[in-house]
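J.: Predicted model, plus sequence, below.
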Amino acid sequence: MRAIVITENGGPEVLAPAERPDLEPGPGEVLIDVAAAGVNFIDVYYRTGAYARELPYTPGIEAAGTVAAVGDGVEEFSVGDRVASSDVRGGYAAKALVAADRLVPVPDGVDLEDAAASMLQGMTAHYLTRSTYPIREGDTVLVHAAAGGMGLLLTQAAKALGARVIGTASTPEKEKLAKDAGADVTLGYDGFAARVRELTGGEGVAAVYDGVGAPTFDGSLASLRRRGVLALYGAAGGKVPPFDPQRLNPAGSLFLTRPMLAHYVATREELLERASDVLGWVESGVLRVHVGHRYDLAEAGAAHTDLEARRTTGKLLLIP
């Protein structure tokens with residue numbers, strides 16, 4: 001089968017197309033024919049070695065497709081079922097294995113590409129806006145990189161809860177995309193904290209959803225109201241340097257958290273609840289999925305290059 005194989009950590013050039021032996025599901029596993037695989041920054045972290053992983057391996061943790069075979073003990077899924085997961089082993093391939101308890105059904109009204117594009121980022125938007133800082137009607141929140149795949153879904157999820165959304169973006173074109181997704185106000189990054197204060201009458205926002213990291217961190221803290229929450233859910237722009245928590249006190253008894261999806265879908269019940277909500281929103285139109293670009297499997301390196309260069313909007317997909 002066609003697959004991308006990484007034999008050494010490095011730049012996008014290490015994402016090499018290869019022919020791999022066909023897979024067979026073991027006990028409790030499901031083999032899927034991959035219709036689409038999501039390209040995410042966590043794939044970059046693994047590729048570069050920022051997150052450790054044994055070599056060689058096929059990257060990709062997010063995918064949707066149809067069940068090709070099931071292993072012993074799997075009763076919830078059958079061959080032909082439409083499924084998706086944000087915990088795939090080797091999604092950059094024609095076929096991939098998933099533990100059955102990490103797989104979710106895809107409603108008939110949801111396209112498989114949309115499912116692949118909304119699992120990881122959609123459930124992240126879900127937990128950030130409903131659990132990390134549960135948005136209340138009338139809250140003002142700040143969403144960084146509001147025109148990216150994550151930012152567009154976060155903006156829509158926050159608006160659905162009645163928030164006023166301020167979004168940052170790097171170009172006027174990206175600002176327009178964020179506004180089209182529902183952002184009430186959009187800003188460039190230069191001096192954004194001062195502008196946020198102006199827009200909130202000096203009070204600051206209830207929460208900042210920051211997946212950028214080092215370039216925005218200080219400004220994110222400066223944008224918060226008293227007892228506000230900074231949810232630092234990623235580091236697309238670089239890791240935040242060591243931080244003195246005493247800074248949170250004079251700034252208004254602020255809260256800082258570094259959440260990750262795995263801790264918010266740790267049980268099967270929570271996974272199904274979040275996935276059902278997200279895929280239901282996609283089916284009903286509450287969430288509009290914006291696929292910025294589709295790449296052939298052999299173009300995985302180009303997808304990573306575009307993602308890291310911040311040349312993209314919306315979600316990037318590999319189509320095996």
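T.: That came through fine.

J.: Note down every partner strand of the helix or strand hosting residue 231 and its orientation.
T.: Assigned by DSSP states H and E, residue 231 belongs to strand 224-232. Partner strands and pairing direction for strand 224-232 (DSSP bridges) are strand 205-210 (parallel), strand 255-257 (parallel).

J.: and after the top strand by length along the chain, which helix or strand comes next?
T.: The strand that spans the most residues within the chain, counting by DSSP state E, is strand 29-39. Once strand 29-39 ends, the next helix or strand along the chain (criterion: DSSP H and E) is helix 41-48.

J.: Give me the distance from the longest strand of the chain to the chain's centre.
T.: Distance of strand 29-39 from the chain centroid (Cα atoms, centre = their mean, to the nearest Å) equals 17 Å.

J.: Tell me the strands beside it, with direction?
T.: When sheet partners are counted by DSSP bridges, strand 29-39 sits next to strand 63-70 (antiparallel), strand 95-99 (antiparallel), strand 315-319 (antiparallel).

J.: residues contacting the residue nearest the centre of the chain?
T.: Per Cα atoms, centre = their mean, the C-alpha nearest to the average position across the chain is that of residue 121, at 2.8 Å. Counting by Cβ atoms under 8 Å, 6 or more residues apart in numbering, residue 121 touches 38, 40, 149, 150, 153, 315. Quick note: C-beta positions are derived from backbone N, CA and C, even for glycine.

J.: what's the angle from the helix or strand harbouring it to helix 41-48?
T.: Assigned by DSSP H and E, residue 121 belongs to helix 112-127. Relative orientation of helix 112-127 with respect to helix 41-48: 100 degrees, computed using axes from the mean of the first three to the mean of the last three Cα atoms, to 10 degrees.

J.: how does the protein divide into domains?
T.: 2-118+267-319, 136-258 (automatic domain parsing).

J.: Just confirm residue 236 contacts residue 145, I think it does.
T.: Yes - at 6.9 Å, residue 236 and residue 145 qualify as touching, with contact defined as Cβ atoms under 8 Å.

J.: higher neighbour count, those two?
T.: residue 145 (27 against 20; other Cβ atoms under 10 Å).

J.: contacting residues around the more buried one?
T.: Contacts of residue 145 by Cβ under 8 Å, 6+ apart are 151, 168, 169, 211, 212, 236.

J.: And for the first one, the neighbour number?
T.: As a burial measure, the neighbour count of residue 151 was computed by other Cβ under 10 Å and equals 29.

J.: any idea how far the nearest residue to it once chain neighbours are set aside lies from residue 202?
T.: Distance criterion Cβ to Cβ, 6 or more residues apart in numbering; nearest residue to residue 151, sequence neighbours excluded, is residue 145 at 4.6 Å. Using Cβ to Cβ, to the nearest Å, we find residue 145 at a distance of 25 Å from residue 202.

J.: still on that earlier bit, and the residue nearest to residue 151, how far is that from residue 210?
T.: From residue 145 to residue 210 the distance is 9 Å (Cβ to Cβ).

J.: what's the answer for residue 244, then?
T.: 18 Å.

J.: same deal with residue 197?
T.: From residue 197 to residue 210 the distance is 17 Å (Cβ to Cβ).
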